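K.L.:
Model the structure of this input:
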Amino acid sequence: MRRRSSKRRVRLVELAHARSGDKGDTANVGLIALKPAYYPILVKLVTAARVARHFKGMITGPVERFELPNLRALNFLLHGALDGGGTISLKTDAQGKVFSTALLRLEAELPR
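P.N.:
A predicted model of the protein is given here:
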């Protein structure tokens, strides 16, 4: 008999929406909780280190995280994400618009 896990895996898209853009060579990603109850979950599970691992190979610099509790949001700066920035980068997404969608694909484990 298979034992049922006490946790379930969900993608962040079930807990939040996101926006992203460019600031020079840095992608700026905002992650906003869909419900007030989801914000503490995001704070706990979506760390700068976890985001850096998620984007490994896509960014060359560190990830910074800023908490915005009044907006129920986290803001991430992904340094070295845009090959020099929008005007000189040869990347398909030189303005970093798809980083928000990519972050929403990150999976989290939640209690059942």
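K.L.:
For this protein, just list every one of the helices.
P.N.:
Counting by DSSP state H, the segments of the chain that form helices are 39-45, 48-54, 99-104.
K.L.:
shaky segments in this structure?
P.N.:
For the chain, the stretches flagged by pLDDT under 70 are 1-4, 83-97.
K.L.:
one more time with 50
P.N.:
Residue ranges of the chain with pLDDT under 50: 88-92, 94-95.
K.L.:
could you pull out the strands for this protein?
P.N.:
For the chain, the strands defined by DSSP state E cover 7-11, 16-23, 26-33, 63-68, 73-78, 107-111.
K.L.:
Can you convert the ones you listed into a markdown table and add a column each for mean neighbour count?
P.N.:
All C-beta atoms are positioned from the backbone trio N, CA, C, and that covers glycine. Listed next are those as a markdown table, based on neighbours: other CB atoms under 10 Å:
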| stretch | mean neighbour count |
| --- | --- |
| strand 7-11 | 12 |
| strand 16-23 | 18 |
| strand 26-33 | 22 |
| strand 63-68 | 15 |
| strand 73-78 | 22 |
| strand 107-111 | 12 |
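K.L.:
Would you mind giving those strands as TSV with distance to residue 50 added?
P.N.:
Output for the strands of the chain, formatted as TSV (distance: least, CB to CB, whole Å):
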stretch	distance to residue 50
strand 7-11	14
strand 16-23	14
strand 26-33	12
strand 63-68	9
strand 73-78	10
strand 107-111	9
